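Q: Could you look at this predicted model? Sequence included:
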Amino acid sequence: VLAGYPLSSKDEEYVLVNNKCQCVTVTSKFVPSKEDPDEEVLERNIRILVPLKARENISDPLSPLRTTFVYRLSELCKNCDPVEIDLIGAIHQAQQGNSCEEPQTCYTYDRNQCYSSPVPLLYHGAVKQVPAALTPDSCFAE
């Protein structure tokens, strides 16, 4: 899955995966080979940030702390965006990844997604559960 790289490399590092939901970044760049300095090899770096005090259910601040984090490169690298392809003169939509229907497990807040949690609110003597935004920037339009 991580086989692609640009043809014109000028000592630049390229981002192959940037998964904000699971805090993973995969990059690649050409570096001189240790065996033969005249030859370049493709080096890949995987950076994983494990969020402290992450909850099992990130939308519920009272859920237990998450103690298990699972990272599968095949899931991180899947591309579920549909693309149009031309097959014998007919345009079809295809997905480049499989298992795209399964929801992704998030270990931290995705700032592009709105998360809320119900909070009790006393109003005219009655307690009502009202949704409170956990990521206000993504929940309210400017």
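A: Okay, I see it.
Q: low-scoring stretches of the chain, by residue?
A: 1-11, 79-81, 94-100, 110-111, 141-142 (pLDDT under 70).
Q: Going along the chain, name the strands of it.
A: Ranges of strands in the chain, per DSSP state E, are 14-19, 24-32, 40-48, 82-87, 90-95, 116-123, 126-133.
Q: got the domain boundaries for the chain?
A: Listed by the TED database, the domain ranges of the chain are 14-108, 110-141.
Q: Put together TSV for those, with mean neighbour count on each row.
A: All C-beta spots, glycine's among them, are computed from the backbone N, C-alpha and C. Below are the domains of the chain laid out as TSV (neighbours: other CB atoms under 10 Å):
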stretch	mean neighbour count
domain 14-108	12
domain 110-141	12
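Q: Once you drop chain neighbours, what's closest to the residue nearest in space to the middle of the chain?
A: The residue lying closest to the centre of the chain (CA atoms, centre = their mean) is Asn19, at 2.5 Å. Using CB to CB, 6 or more residues apart in numbering and skipping the chain neighbours, the partner closest in space to Asn19 is Leu76 (5.2 Å).
Q: residue contacts, the one you found?
A: Val17, Asn19, Gln22, Val24, Val26 (CB atoms under 8 Å, 6 or more residues apart in numbering).
Q: quick one on the thing from earlier: now distance to Pro64 too, for the strands of the chain, in JSON lines please.
A: Output for these, formatted as JSON lines (distance: least, CB to CB, whole Å):
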{"stretch": "strand 14-19", "distance to Pro64": "24"}
{"stretch": "strand 24-32", "distance to Pro64": "23"}
{"stretch": "strand 40-48", "distance to Pro64": "22"}
{"stretch": "strand 82-87", "distance to Pro64": "37"}
{"stretch": "strand 90-95", "distance to Pro64": "35"}
{"stretch": "strand 116-123", "distance to Pro64": "15"}
{"stretch": "strand 126-133", "distance to Pro64": "20"}
